[in-house]
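Engineer: Need a 3D model of the following:
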Amino acid sequence: MHNVAGMKTAVLIFLSAAGMLYAQTNNSDAMQTAVIDAYAARVNDTVITYGEIRASVAPYVQQLQRQLSGRELTERVAAAYVEGREALIEEALIKAEAKAQALSLPPQAVDEEMDRLIRERFDGDRALLTRALVSRRMTMDEWKAEIGDQMLIRIYYAQEVTRRASISQQAVRTEYEKNRESYFTPLRVRYSFILINKGRTDADRSVKKEQIEATLEKLKSGTDFDTVAKEVSAGDTSVSAWKTLSSIPEEFHAALQTMPANGISDMIETSGEYYILHLVERDAGGYIPFEDARKSIEDRLLQSERNRLHQELIKRLSTRHFVERY
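Structural biologist: Coordinates of the predicted model:
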């Protein structure tokens, strides 16, 4: 979870028993704090406690504690608990509906899933699994039942949201054309320069101009630009990061747009300095072709459609099942 909103999206955050057990054997004491029995919410006969909410949001809260402090931390943590409660309510709603529809799995499927989780989450170590179960005051049969419930939840959710979400290629094309300007990349360059200050007096300016002209002749004769720059430049001689023209002095624009890669400019004069530019790389920019942008657009539209279907599903289930928040 990178943000609070990320806790409640079309791809529902299922807090599976296996995942919780894994976290308890590997995370801090915050994940092992005894569950508080006070009710936070209820879906039909399923009770959601504050302890369950704390456990579900603990990794995100720990991340916030590393990054924030003071009032902002307090507000973000409070919001995380609210969203954590809603995510658990949504999970409980989907679980209730899956059971109401009498969805079932063959016992072998649950056994295979248990074996996979033990192998992948506990390195095949059943002793580690047993310690995790003890820390949750849970029996193996109870864990198996939770795994079965989570599998039914995933099946039902895929049926109602994941597999139903689709985007036509025409919709992707329309989105590209509608927002074409956002797929434009401006010209960018990487360059270095030699800087010689003009000085304050006419005599200084005369000497400095002779120096920049001699430097330019030296470069044109084939002397390495970096070597000369280190000898005479009064400025930073390193190669710049990629820059667009909007972040570069206007006096440099013409040279950087026209000189060849690895080229050397003529002398460029500003009010107080002389420059010689070295163009390292230039990216001409332009519009990103549709085929290059198609996948990212498709993914974004598909996620938006999943979000829509998710919200519709939760709204529909909220009318079918009893939900109470405390």
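
Engineer: Mind pulling up the pLDDT for the most far-flung residue of the chain relative to its centre?
Structural biologist: Distance from the C-alpha centroid of the chain peaks at Ala203, with 57.3 Å (C-alpha atoms, centre = their mean). pLDDT, Ala203: 93.

Engineer: again with Arg200
Structural biologist: 87.

Engineer: how is this structure carved up into domains?
Structural biologist: Listed by automatic domain parsing, the domain ranges of the chain are 5-169+297-325, 187-284.

Engineer: can you tell me which residues contact Thr244?
Structural biologist: Applying C-beta atoms under 8 Å, 6 or more residues apart in numbering to Thr244 gives the contacts Pro186, Leu187, Arg188. Glycine gets a C-beta too; all of them are placed from N, C-alpha and C.

Engineer: Got phi/psi on it?
Structural biologist: Backbone geometry at Thr244, expressed as degrees, to the nearest 10, gives phi -90, psi 160.

Engineer: Would you format the domains of the chain as a markdown table with distance to Glu175 included?
Structural biologist: Converted to a markdown table, the domains of the chain look like this (distance: least, C-beta to C-beta, whole Å):
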| stretch | distance to Glu175 |
| --- | --- |
| domain 5-169+297-325 | 5 |
| domain 187-284 | 25 |
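
Engineer: Any idea which of those domains gets closest to Phe290?
Structural biologist: domain 5-169+297-325 (8.7 Å; C-beta to C-beta).

Engineer: what does the average pLDDT come to for that closest one?
Structural biologist: 86.

Engineer: now that domain, how far from the centre of its chain.
Structural biologist: 20 Å (C-alpha atoms, centre = their mean, to the nearest Å).

Engineer: Show me the strands in the stretch 1-150 of the chain, by range?
Structural biologist: For the stretch 1-150 of the chain, applying DSSP state E, counting those that start in this stretch gives strands covering 39-43, 46-49.

Engineer: The first one - contacts with which helices or strands?
Structural biologist: When contacts are defined as 3 or more C-beta pairs under 8 Å, 6 or more residues apart in numbering; DSSP states H and E, strand 39-43 sits against strand 46-49, helix 50-67, helix 70-100, strand 323-325.
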